[in-house]
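*Asks:* next come a sequence and a model predicted from it.
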Amino acid sequence: MKPDLPHKIAVVIPCYKVKNHIANVIAAIPDYVWRIYCVDDACPDGSGDLIRNTIRDPRLTLLAHDTNQGVGGAMVTGYKQALQDGAQIVVKIDGDGQMNPALIESFVRPILIGARDYTKGNRFYKVEDVRAMPGARLLGNGILSFMTKLSSGYWNLFDPNNGYTAIHAAILREMPLEKLSKRYFFESDFLFRLNTLRASVQDIPMSAIYGDEQSNLKISKIFFPFLAGHFRNLFKRIFYNYFLRDFNIASLELLLGITLLPFGIIFGIMQWHHSTVIGVEASPGTVMFSALPIILGVQFLLSFLQYDIESVPRASLHPRLQSQQL
């Protein structure tokens with residue numbers, strides 16, 4: 001079914017080593033899509049030249065980088081051009097043929113009806129799809145998903161590095177595009193920035209198509225940068241949401257938790273060492289003085305975590321932003 005119009009739906013495709021697939025991807029994009037932006041991210045295989053010389057879709061605009069900037073850099077270029085041209089909803093799909101363009105309506109529909117600000121794909125809804133996924137990719141996605149839940153605050157999402165997304169232009173205008181990670185951490189960093197805006201996000205079930213494409217993502221190269229990025233965003237999000245913009249019961253629970261738990265552990269270790277040295281067992285009071293802060297600290301942290309989970313943004317933000325931006 002064709003989405004309700006008039007709506008200017010644009011598609012941005014970062015192009016890097018997708019020469020064998022990009023033509024079929026563009027050909028499969030539905031007619032209701034208003035503009036298509038392909039960003040040649042200094043592809044060494046000549047993806048940009050192929051697009052320029054062989055594809056004659058009137059909706060197509062080719063943007064090119066002189067040097068490779070990564071998927072994040074390519075998307076920032078495409079997003080800026082789409083906003084400049086007046087797009088109302090911007091969809092991101094990859095050029096490697098793993099994402100079915102026929103699903104674009106499923107991604108834009110929640111935004112069109114005002115229910116969500118941003119949608120992203122999730123390849124883990126169907127058991128059959130999970131079984132078809134390579135084992136290493138399955139394990140990596142599970143770990144990255146939990147890390148992203150912590151750092152972004154979107155506890156209701158999974159498959160965070162799924163590159164099939166859609167966003168309302170009013171939200172995109174509020175995003176600090178120049179601050180976004182330019183490499184593979186882009187999708188996770190994007191979710192963190194959405195949470196600071198309190199944008200509503202929804203997973204869209206989808207199936208990936210695995211063919212002969214080669215992934216440019218190497219776990220050994222991205223593990224530590226991803227870990228550092230998630231810790232950095234976690235601390236930023238906690239500071240922004242619970243101390244800078246607000247101070248509530250969850251803020252107090254967090255402060256008590258991170259104070260009492262380390263105190264109890266350190267005091268307990270010191271008393272255990274002291275008892276070992278002098279050969280005298282610690283008194284029940286000493287044991288309780290160590291155990292009680294640990295128990296209370298864990299309880300306070302669990303209470304904070306429950307509050308954080310229940311605070312996932314659910315109300316759509318873009319209708320209010322649209323009225324302010326007019």
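*Replies:* The structure has been received and is ready for your questions. Numbers count the residues shown, from 1 in each chain.

*Asks:* the protein: helices as residue ranges?
*Replies:* Applying DSSP state H to the chain gives helices spanning 22-27, 47-54, 70-85, 104-112, 127-132, 135-152, 169-174, 186-197, 219-239, 249-278, 284-310, 318-325.

*Asks:* could the ones you listed be laid out in JSON lines, adding mean neighbour count, distance to V33 and mean pLDDT?
*Replies:* Every residue, glycine included, has its C-beta placed from N, CA and C. JSON lines is the format used below for the helices of the chain (neighbours: other C-beta atoms under 10 Å; distance: least, C-beta to C-beta, whole Å; pLDDT from 0 to 100):
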{"stretch": "helix 22-27", "mean neighbour count": "18", "distance to V33": "10", "mean pLDDT": "96"}
{"stretch": "helix 47-54", "mean neighbour count": "17", "distance to V33": "16", "mean pLDDT": "93"}
{"stretch": "helix 70-85", "mean neighbour count": "21", "distance to V33": "11", "mean pLDDT": "96"}
{"stretch": "helix 104-112", "mean neighbour count": "21", "distance to V33": "7", "mean pLDDT": "95"}
{"stretch": "helix 127-132", "mean neighbour count": "11", "distance to V33": "25", "mean pLDDT": "70"}
{"stretch": "helix 135-152", "mean neighbour count": "17", "distance to V33": "28", "mean pLDDT": "83"}
{"stretch": "helix 169-174", "mean neighbour count": "20", "distance to V33": "15", "mean pLDDT": "96"}
{"stretch": "helix 186-197", "mean neighbour count": "22", "distance to V33": "21", "mean pLDDT": "95"}
{"stretch": "helix 219-239", "mean neighbour count": "15", "distance to V33": "31", "mean pLDDT": "87"}
{"stretch": "helix 249-278", "mean neighbour count": "15", "distance to V33": "42", "mean pLDDT": "93"}
{"stretch": "helix 284-310", "mean neighbour count": "15", "distance to V33": "36", "mean pLDDT": "94"}
{"stretch": "helix 318-325", "mean neighbour count": "14", "distance to V33": "20", "mean pLDDT": "78"}
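
*Asks:* redo those helices as CSV? Include distance to V39.
*Replies:* What follows is those, written out as CSV (distance: least, C-beta to C-beta, whole Å):
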stretch, distance to V39
helix 22-27, 11
helix 47-54, 9
helix 70-85, 4
helix 104-112, 18
helix 127-132, 28
helix 135-152, 24
helix 169-174, 15
helix 186-197, 13
helix 219-239, 21
helix 249-278, 40
helix 284-310, 35
helix 318-325, 24
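
*Asks:* pLDDT wise, what is the nearest residue to I104 once chain neighbours are set aside at?
*Replies:* Excluding the flanking residues, the one nearest I104 by C-beta to C-beta, 6 or more residues apart in numbering is V91, at 5.6 Å. In this model, V91 is scored at 98, pLDDT.

*Asks:* show me what I167 is bridged to.
*Replies:* Beta-bridge pairing for I167 (DSSP bridges): V90, Y118.

*Asks:* that one touches D117, doesn't it?
*Replies:* Yes: using C-beta atoms under 8 Å, I167 makes contact with D117 at a distance of 6.9 Å.

*Asks:* joint contacts of the two?
*Replies:* Common neighbours of I167 and D117, using C-beta atoms under 8 Å, 6 or more residues apart in numbering, are I111.

*Asks:* related to what we said a few turns ago, can you give me the neighbour number for the residue nearest to I104?
*Replies:* Per other C-beta atoms under 10 Å, the neighbour tally for V91 reads 27.

*Asks:* that'll do, ta.
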